[in-house]
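Peer 1: quick one: sequence and predicted model below, then my questions.
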Amino acid sequence: MNLRPLSDHLILEQLTKEEKSLSGIILPDSMEKEKSQQGLVIAVGPGKTLENGQVRELSIKVGQKVLFTKYGPNEVKIKDDNGKEKEYLVAREEDILAIIE
């Protein structure tokens, strides 16, 4: 992936959750259901520039699982080195509600 977020932006890979029916059949996340609000942090920007010119580093690190606001992140599609298109989310630090531990 050749994305480098700016300022206080993060690149997230949306996590999907599988559900099982009563008989044990795995039901994948589908378009009819709401998408998960959990993501894996793929990249982080350098931080937010404050009014005094200093840069405040982000408190979120690459590799962490996070819970984000429903309508905050923007969806983008990026082609990888093999030409396969993959969907990512671009969010601001303020769109992150919690770190999942």
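Peer 2: Cool, the structure landed. Numbers count the residues shown, from 1 in each chain.

Peer 1: with only the CA atoms kept, save stretch 76-90 in CSV.
Peer 2: Coordinates of each C-alpha in stretch 76-90 appear next as CSV, following Å, rounded to 0.1, in the frame of the first residue of the first chain:
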residue,chain,number,x,y,z
VAL,A,76,-11.4,4.8,-0.3
LYS,A,77,-10.4,2.0,-2.8
ILE,A,78,-6.7,1.5,-3.6
LYS,A,79,-5.1,-1.0,-5.9
ASP,A,80,-2.2,-3.0,-4.4
ASP,A,81,1.0,-4.0,-6.2
ASN,A,82,-0.9,-6.9,-7.9
GLY,A,83,-3.6,-4.7,-9.3
LYS,A,84,-6.2,-6.0,-6.8
GLU,A,85,-8.5,-3.3,-5.4
LYS,A,86,-8.9,-3.1,-1.7
GLU,A,87,-11.1,-0.9,0.5
TYR,A,88,-9.7,1.2,3.3
LEU,A,89,-11.1,3.8,5.7
VAL,A,90,-9.5,7.2,6.3
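
Peer 1: who's in contact with residue 96?
Peer 2: 10, 60, 66-69 (C-beta atoms under 8 Å, 6 or more residues apart in numbering). For the C-beta atoms, the positions are set from N, CA and C on the backbone; glycine is no exception.

Peer 1: what does residue 12 give?
Peer 2: Residue 12 neighbours (C-beta under 8 Å, 6+ apart): 39-42, 66, 68, 73, 88-91.

Peer 1: pick the one among these closest to residue 101.
Peer 2: residue 66 (10.5 Å; C-beta to C-beta).
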